[in-house]
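A.B. asks: Below: sequence and its predicted model.
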Amino acid sequence: EAPLAQITEPEQLTCSRLSVVLNGISNEGSTPFEFTWMDESGNILGLDNPQSIEVNEPGWYQLSVLNPENGCTTTTAAIVTQNIQMPIADAGQSAELHCMQTEVMLDAGGSSTGNQFSYNWSTDNGQIIAAANSLNPVVNSPGIYQLEVWNQENDCRSTDWVEVLENLPVAAEVNPAFPPCFGDLGSIEVLGVNGGQAPYFYSIDGGDIFQNDPLFPELVPGLYQILVQDANGCEIEQQVAIEEPAEVEVDLDVQTTMRFGYSIQLCPHFNILESEIASVQWTPAVGLSCSDCLYPWASPDHTEEYRVRIVNDKGCEDDAIIRLIVDRRPAVYIPNAFSPNGDDNNDVFVIYAKDNTVEKVNSLMIFNRWGELVYDVYNFPPNDPTFGWDGTHRGEALNPAVFVYWTELELIDGTTVLFKGDVALVR
């Protein structure tokens, strides 16, 4: 009699069930039956005539049961099926948050659908605020969001991820241009914006007026609130200062007096370094040792107003004026006594004058107390004893007395002055 040969219905291979057991069933004999398993290619499976085997591949499996007492064999077969079809996980397109859209619904509609599928969203750096187990969760934070789709029938799972971005203007590169000189105007230019959605619009009045030009020219120095608005209406604000440079200042004494024939150095005071001075100009140049130096010597013949203009290396300038009053009384010394006694000390009555003040003595006349002319000389230089009076008249030494002198001096500018006085002749 042939033995019984049956195989219990095998389970299905899935993503979590990687192998199944095939159980052979037979009737019992006085001698144990021999079980032989083969796959659909005819390969013998298992050792020691197992009644059950474990397989991990789908396909037909054949069981042969041999009754060794009579040599009868019964063969049967069973099929092992497999379901490892992966579900589709499609997390959808990336989304964007900004100031006007603070939350967004993700769309995983491209994923597998059906009652056997379940969904789970997770994130390490974002935030899910609703529907984390649906195709359309709601999130309100930028980050990476991962979707897992689970097919409950075969325990297969697929994942996909989508990034949610935050697009906000976060910083602006602003370049203030300071005015070169005190009283000039500056400007502010936005060179670039980090983040946000172009095009950008700009304001410096708190948002009352926006413009698409990032340059704000002709601004007075001060603090400005730069407001940048992107295409979504999101804004950032940044404070910028336009600094006013120090005013270039130069000062001179308003007025000073000097003697005719003398020199005085003009010394302006300024509030910048000499190394920052690009040019100096004195006007008028007449009577000055130089007209483009800082500290000229002035020796005018007449009262004069001098103006100095200083320009720094940025083109900023200032000027100042000084009035030099020239005391035109010449520096002349006429002795009131002399002693012609031959001791070489004050022996001659001489007209003395400071150098470069008197061009010449046009005339010198000396009279006695009766008005008689006792000495006269013309057209001679001052300070020269050769042309002085030695106290004689017609070759005779005069007795001590008081005499009257008249002298006319021609100054270096061509004008003449008259001096008169008494001189005592002492023996």
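C.D. replies: Cool, got the structure. None of the values given here were measured: they were computed from a predicted structure. Residues are numbered from 1 along each chain as shown.

A.B. asks: any idea of the pLDDT on residue 257?
C.D. replies: pLDDT, the model's per-residue confidence, is 93 for residue 257.

A.B. asks: Could you say which helix or strand holds the residue lying closest to it once chain neighbours are set aside?
C.D. replies: The shortest distance from residue 257 to any residue that is not its chain neighbour, by CB to CB, 6 or more residues apart in numbering, is 4.5 Å, and that residue is residue 325. For glycine as for every other residue, the C-beta is placed from the backbone atoms N, C-alpha and C. Using DSSP states H and E, the element containing residue 325 is strand 317-327.

A.B. asks: ok, now residue 402?
C.D. replies: Counting by DSSP H and E, the element that carries residue 402 is strand 401-411.

A.B. asks: in the next helix or strand after that strand, what's buried?
C.D. replies: Elements were assigned by DSSP H and E; along the chain past strand 401-411, the next helix or strand is strand 416-425. By neighbour count on 16 or more other CB atoms under 10 Å, the buried set for strand 416-425 is 423, 425.

A.B. asks: One more: stretch 261-279?
C.D. replies: When burial is assessed from 16+ other CB under 10 Å, stretch 261-279 yields the following buried residues: 261, 264, 266, 268, 270, 272, 277.

A.B. asks: Stretch 136-151 too?
C.D. replies: Residues of stretch 136-151 classed as buried by neighbour count (16+ other CB under 10 Å): 137, 139, 141-142, 145-151.

A.B. asks: residue contacts, the residue nearest the centre of the chain?
C.D. replies: With distances taken as CA atoms, centre = their mean, the residue of the chain nearest its centroid is residue 175 (6.1 Å). Contacts of residue 175 were listed using CB atoms under 8 Å, 6 or more residues apart in numbering, and they are 188-191.

A.B. asks: The helix or strand hosting residue 364: what's the following helix or strand?
C.D. replies: Taking DSSP H and E as the definition, one finds residue 364 inside strand 358-367. With elements assigned by DSSP H and E, the helix or strand that comes after strand 358-367 is strand 373-380.

A.B. asks: Quick check: mean pLDDT of that next one?
C.D. replies: Average pLDDT, strand 373-380: 97.

A.B. asks: Would you mind measuring from the closest residue to residue 11 other than its chain neighbours to residue 78?
C.D. replies: Ranked by CB to CB, 6+ apart and with sequence neighbours excluded, the top spatial neighbour of residue 11 is residue 20, at 4.7 Å. Taken as CB to CB, to the nearest Å, the spacing of residue 20 relative to residue 78 amounts to 10 Å.

A.B. asks: so who does residue 417 touch?
C.D. replies: With contacts taken as CB under 8 Å, 6+ apart, residue 417 has the following neighbours: 330, 408-409, 411.

A.B. asks: if we go to 7 Å?
C.D. replies: The neighbours of residue 417, taking CB atoms under 7 Å, 6 or more residues apart in numbering as the test, are 330, 409, 411.

A.B. asks: Scan those and report the most crowded one.
C.D. replies: residue 409 (23 neighbours; other CB atoms under 10 Å).

A.B. asks: now that residue, which residues is it bridged with?
C.D. replies: Legend: beta-bridge partners of residue 409 under DSSP bridges are residue 361, residue 417.

A.B. asks: Distance-wise, check it relative to residue 381.
C.D. replies: 11 Å.

A.B. asks: Could I get the average pLDDT for the helix or strand that contains residue 226?
C.D. replies: Residue 226 is part of strand 222-229, with elements assigned from DSSP H and E. The predicted model gives strand 222-229 an average pLDDT of 96.

A.B. asks: Next, work out how far apart the closest residue to residue 98 other than its chain neighbours and residue 103 are.
C.D. replies: In space, residue 98 comes closest to residue 232 once its chain neighbours are excluded; the distance is 4.7 Å by CB to CB, 6+ apart. Residue 232 sits 15 Å away from residue 103 when distances are taken as CB to CB.

A.B. asks: ok, now residue 319?
C.D. replies: In terms of CB to CB, residue 319 sits 67 Å off from residue 103.

A.B. asks: Touching, residue 96 and residue 165? I think so.
C.D. replies: Yes. Under the contact definition of CB atoms under 7 Å, residue 96 touches residue 165, with a separation of 5.0 Å.

A.B. asks: Let me see the contact set for residue 145.
C.D. replies: Going by CB under 7 Å, 6+ apart, residue 145 touches 91, 106, 121, 123, 126, 139, 161-162, 164.

A.B. asks: a helix runs through residue 134, doesn't it?
C.D. replies: No. Remark: residue 134 does not belong to a helix; assigned using DSSP: H, G, I helix; E, B strand; the rest coil, it is coil.

A.B. asks: Could you report the neighbour count for it?
C.D. replies: The number of residues packed near residue 134 is 15, by other CB under 10 Å.

A.B. asks: Spatially nearest residue to it (excluding sequence neighbours)?
C.D. replies: On the basis of CB to CB, 6+ apart, the spatially nearest residue to residue 134 that is not a chain neighbour turns out to be residue 119, at 6.0 Å.

A.B. asks: mind listing what's buried in stretch 321-328?
C.D. replies: 322, 324, 326, 328.

A.B. asks: got the contact list for it?
C.D. replies: Counting contacts by CB under 7 Å, 6+ apart, the residues touching stretch 321-328 from outside are 252-260, 264, 266, 298, 300-307.

A.B. asks: Tell me which entries of the buried residues of stretch 136-151 lie within strands.
C.D. replies: Assigned to strands by DSSP state E, the following of these qualify: 139, 145-151.

A.B. asks: that older thread, for the strand holding residue 402, packing partners?
C.D. replies: Contacts defined by 3 or more CB pairs under 7 Å, 6 or more residues apart in numbering; DSSP states H and E place strand 401-411 against strand 358-367, strand 416-425.
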